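Participant: structure of the sequence below:
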Amino acid sequence: MPIEKEVFTIAIAGNPNCGKTALFNSLTGSNQIVGNWPGVTVEKKEGQFKLDNHTIRVVDLPGIYALFANSEDERAALDYLLKGEADLVVNILDATNLERNLFLTSQLMEKGVPMVLAVNMMDIAASRGIHVDLHKLEEILGVTAIGLTAVSPKSCEGFVNDLHKLLHNSRELPLPKAVKHSEVLEKLIEEISVPLKPVADKLGASPRWTAVQYLEHSGRVLELADELGVEIPHDKIEEDLGEEVEFALADSRYSYARDIAKAVIRDNTTKRTRTDKLDKLFLNRILGIPLFLIAMYLVFWFAVKVGSAFIDFFDILFGGIFVDGMTELLTKVGAPGVVVALLANGIGTGIQTVSTFIPVIFFMFLCLSFLEDSGYMSRAAFVADRFMRFLGLPGKAFVPMIVGFGCSVPALMGTRTLENKRERFLTLFLVPFMSCGARLPVYALFGAAFFGESAGTLVFGIYLTGIVIALIYGLLLRHTVFMGKESTFIMELPPYHLPKMRNLFRHAWLRLKEFVFRAGKVVLIMVTVLGFMGSVGTDGSFGNDNNEKSVLSAVGTVITPVFEPFGVERDNWPASVALFTGLFAKEAIVGTLNSLYAIEGTDDSAPEETAADEGFSLKSTVKEALVSVPANLVEVFTSIANPLGVKDAIDESESVGNEGAYKTMQAHFNLGRFQVLAYLLFILLYVPCLAAMGTAFRELGRFYGTLMMVFQTIIGWSLSVLFFQVSCGRSTAWIVTSVALLAGVVVSLVLIGRDQRKKKVFD
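Facilitator: The predicted model follows:
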């Protein structure tokens with residue numbers, strides 16, 4: 001008789017890299033919602049699919065090794081299970097590492113939740129000569145065990161059919177058999193179950209399970225016991241037991257898992273696997289780091305270069321439709337100028353700006369998904385661990401920092417792979433100091449204008465400066481705000497395999513969709529405001545397009561004195577406006593400088609007719625957008641030996657000199673190269689683009705997000721002023737001011753860190 005329930009909730013639980021997310025994606029497709037678990041920044045994924053008359057709601061729990069609630073991942077998973085929302089827990093096991101995976105299984109069994117075992121990677125196990133007896137496994141544990149290959153649609157379809165039979169033929173879902181420990185431990189568990197009953201009632205769990213969790217020093221149970229005043233003498237318990245109780249329980253679980261694995265596995269492996277051979281190369285003490293840098297270079301090149309080939313497509317298409325097209329439509333219907341400015345120049349420009357992030361972010365996530373699914377990313381983190389420990393970070397923090405050289409947004413989002421909150425926040429604070437690809441056109445423009453043949457050296461020096469400052473700032477943060485115990489670095493090294501493109505594209509698409517609908521909202525609002533300011537003139541006119549009459553330019557003129565201490569003189573207000581528009585995206589700095597300097601460098605002769613004057617044509621816009629892709633792709637594959645694009649950017653920048661903007665810029669930066677370097681130093685160090693800021697606030701929260709932006713701006717301004725004033729011998733007062741501000745940052749970090757330690761924020 002089928003179970004009478006319309007909506008079923010299934011929670012997928014398992015170790016990291018066991019295929020949990022692959023199964024979730026196969027079951028739910030694109031019908032997913034991505035958010036955060038309550039109270040933590042650990043990502044939460046939910047989806048659903050239909051099964052006859054049932055709606056199956058699927059929750060992808062964080063990948064964990066145990067249910068101790070001592071990390072944010074474990075806490076999120078345990079809290080969800082304690083709520084009792086899941087009707088069924090699908091525990092995914094890696095058939096190639098069954099014994100280790102069964103540790104978590106034993107804890108789930110003790111929780112007493114209805115379970116189904118999904119033994120994944122059966123194909124890889126078979127190729128290694130490993131055979132898992134699923135019927136024997138079912139007999140021992142008392143739950144259904146289903147073999148599958150999560151990356152195979154056909155195998156997942158078979159899993160769904162087995163799930164359908166289970167729901168259709170059962171009156172109730174299966175409960176696992178009880179896990180039995182040694183006689184001494186069982187007696188101890190029974191004894192402390194009585195005083196822990198109030199804790200169990202508060203948690204909504206059984207006294208036995210609560211007692212076991214207490215003995216294993218589970219954070220959630222210990223906190224609640226302390227809150228309710230329940231005291232159990234650990235010293236007396238361990239004296240009677242003869243060893244530390246959590247070690248005794250762990251040993252009991254591993255013995256339990258080992259006995260089960262021995263009973264159900266027939267292992268015929270006799271030779272070294274492909275993974276063993278590759279690890280000998282990729283984990284080599286000498287070759288490991290060079291190979292890692294080559295891999296990161298390829299990711300950077302592919303994501304930035306190939307992604308950039310599609311930027312013009314999105315820029316032309318969305319700009320044509322939402323800016324030019326909307327302007328023409330609103331003008332034809334007689335809409336007031338303020339409406340045109342708000343909808344076309346404001347919201348339209350915002351949509352256009354957000355769209356230009358799509359290709360680079362998509363290809364960045366595509367590359368990272370490939371490295372993760374292939375099994376190499378774990379090796380990369382392992383190789384980088386020794387260097388990163390210097391900053392108090394694990395090896396896996398190195399990956400988002402490398403990604404930051406391409407784009408800060410996916411780099412900031414990539415910090416979610418760090419389980420430890422302190423380490424994740426510290427990495428988030430450092431990522432913006434990695435000079436993103438959007439800043440490169442700015443460096444190239446000034447390099448071509450002021451440094452000639454040394455422009456390449458200039459760009460390299462700027463990138464290196466960002467890294468050095470990040471190292472110094474990281475050490476300071478580590479010993480102040482983010483002081484705490486370093487997490488134990490346990491790295492899962494899954495077997496290598498060739499990822500399926502279908503899964504890679506799906507994963508990249510889901511990440512991209514999350515960016516567009518979350519961080520994109522913040523960008524859209526801010527770009528709308530700035531775009532509106534660029535269109536509205538101080539005389540009330542509209543359509544000024546960031547020229548000298550716009551409100552945005554007026555604001556730039558007003559704020560120029562703020563930048564004057566590092567060489568931006570009062571008559572050089574376009575440089576101030578460029579810093580302001582750089583909040584849209586750093587590449588907007590080049591466009592702003594070119595347009596404003598060009599206006600200043602030309603006479604009042606009649607303007608040339610542009611395509612916009614000929615009227616908007618959707619067909620022409622789409623055609624122009626499509627034509628840009630093959631032309632850009634051809635350029636991509638001629639730039640393999642030029643990864644940073646310095647030469648191309650310089651050549652492109654030099655072409656500006658044939659117009660009026662180039663010479664005008666040189667005239668405004670007339671105090672020498674140190675003036676230019678100070679300006680570029682500020683561009684390197686001041687707050688990132690709105691997309692990155694929106695992402696950072698989302699990951700850090702309001703307090704730490706504000707802290708990050710304020711301190712980064714102060715550091716950028718102070719170092720730029722200090723560099724300019726010292727190198728040009730200008731003003732002792734400004735030197736003292738900048739040093740005082742930097743000292744103020746240090747003191748503030750020390751005081752905030754002291755307060756954080758009192759509150760035990762990162763303990």
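Participant: secondary structure element for Leu249?
Facilitator: helix 245-264 (DSSP states H and E).
Participant: now do the very next helix or strand once past that helix: which elements does it pack against?
Facilitator: Moving toward the C-terminus from helix 245-264, the next helix or strand (DSSP H and E) is strand 265-267. Contacts defined by 3 or more Cβ pairs under 8 Å, 6 or more residues apart in numbering; DSSP states H and E place strand 265-267 against strand 130-132. C-betas here are computed from N, CA, C, even on glycine.
Participant: tell me the mean pLDDT for the strand it packs on?
Facilitator: Strand 130-132 shows a mean pLDDT of 90.
Participant: list of residues touching the next helix or strand along the chain from that strand?
Facilitator: Downstream of strand 130-132, the first helix or strand assigned by DSSP H and E is helix 134-141. Outside helix 134-141, the residues within contact range by Cβ atoms under 8 Å, 6 or more residues apart in numbering are 105, 109, 117, 119, 144-147, 176-177, 260, 263-264.
Participant: try it again with 6 Å
Facilitator: Ala145, Gly147, Pro176, Ile260, Val264 (Cβ atoms under 6 Å, 6 or more residues apart in numbering).
Participant: circling back: how about the helix holding Leu249: buried residues?
Facilitator: Val245, Ala248, Leu249, Ser252, Arg253, Tyr256, Ala257, Ile260, Ala261, Val264 (16 or more other Cβ atoms under 10 Å).
Participant: and stretch 434-453, by the same measure?
Facilitator: For stretch 434-453, by 16+ other Cβ under 10 Å, it's 434-451.
Participant: for the stretch 501-650 of the chain, what are the low-confidence residue spans?
Facilitator: Along the stretch 501-650 of the chain, the model assigns pLDDT under 70 to residues 515, 518-528, 530-531, 542-548, 587, 591, 594-596, 598-615, 636-650.
Participant: and stretch 110-119, how far from the chain's centre?
Facilitator: 31 Å (Cα atoms, centre = their mean, to the nearest Å).
Participant: related to what we said a few turns ago, helix 134-141 and the helix holding Leu249, what's the angle between them?
Facilitator: Angle of helix 245-264 versus helix 134-141, following axes from the mean of the first three to the mean of the last three Cα atoms, to 10 degrees, is 140 degrees.
Participant: what helices or strands is helix 245-264 leaning on?
Facilitator: Judged by 3 or more Cβ pairs under 6 Å, 6 or more residues apart in numbering; DSSP states H and E, helix 245-264 is in contact with helix 98-111, helix 134-141, helix 234-241.
Participant: and whichever strand or helix holds Ala743, what other elements does it pack with?
Facilitator: Secondary structure assigned from DSSP H and E places Ala743 in helix 732-759. Counting contacts by 3+ Cβ pairs under 6 Å, 6+ apart, helix 732-759 packs against helix 690-728.
Participant: list the buried residues of the helix it packs on.
Facilitator: Per 16+ other Cβ under 10 Å, helix 690-728 contains these buried residues: 690-700, 704-705, 707-709, 711-712, 714-725.
Participant: now the angle between helix 732-759 and it, please.
Facilitator: Using the same axes, to 10 degrees: helix 690-728 against helix 732-759 is 140 degrees.
Participant: report the distance from helix 690-728 to the chain centre.
Facilitator: 19 Å.
Participant: which is the next helix or strand following the helix or strand Val590 falls within?
Facilitator: Assigned by DSSP H and E, Val590 belongs to helix 588-600. Next helix or strand after helix 588-600 toward the C-terminus (DSSP H and E): helix 618-636.
Participant: circling back to that earlier point, need the max-distance pair from the contacts of helix 134-141.
Facilitator: Within these, two members stand farthest from each other by Cβ to Cβ: Gly147 and Pro176, at 18.0 Å.
Participant: show me where this structure has strands.
Facilitator: Using DSSP state E, the strands of the chain run over residues 7-14, 32-36, 43-51, 54-60, 88-94, 115-120, 130-132, 144-147, 265-267.
Participant: and these as CSV, adding mean neighbour count?
Facilitator: What follows is these, written out as CSV (neighbours: other Cβ atoms under 10 Å):
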stretch, mean neighbour count
strand 7-14, 21
strand 32-36, 14
strand 43-51, 17
strand 54-60, 20
strand 88-94, 25
strand 115-120, 24
strand 130-132, 19
strand 144-147, 21
strand 265-267, 13
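Participant: closest to Val529 out of the ones you listed?
Facilitator: Nearest to Val529, of all the strands of the chain, is strand 32-36, at 26.7 Å by Cβ to Cβ.
Participant: what sits against the closest residue to Asn503 other than its chain neighbours?
Facilitator: In space, and not counting its chain neighbours, Asn503 is closest to Val151: 5.9 Å by Cβ to Cβ, 6 or more residues apart in numbering. Val151 is in contact with Ala22, Lys500, Asn503, counting by Cβ under 6 Å, 6+ apart.
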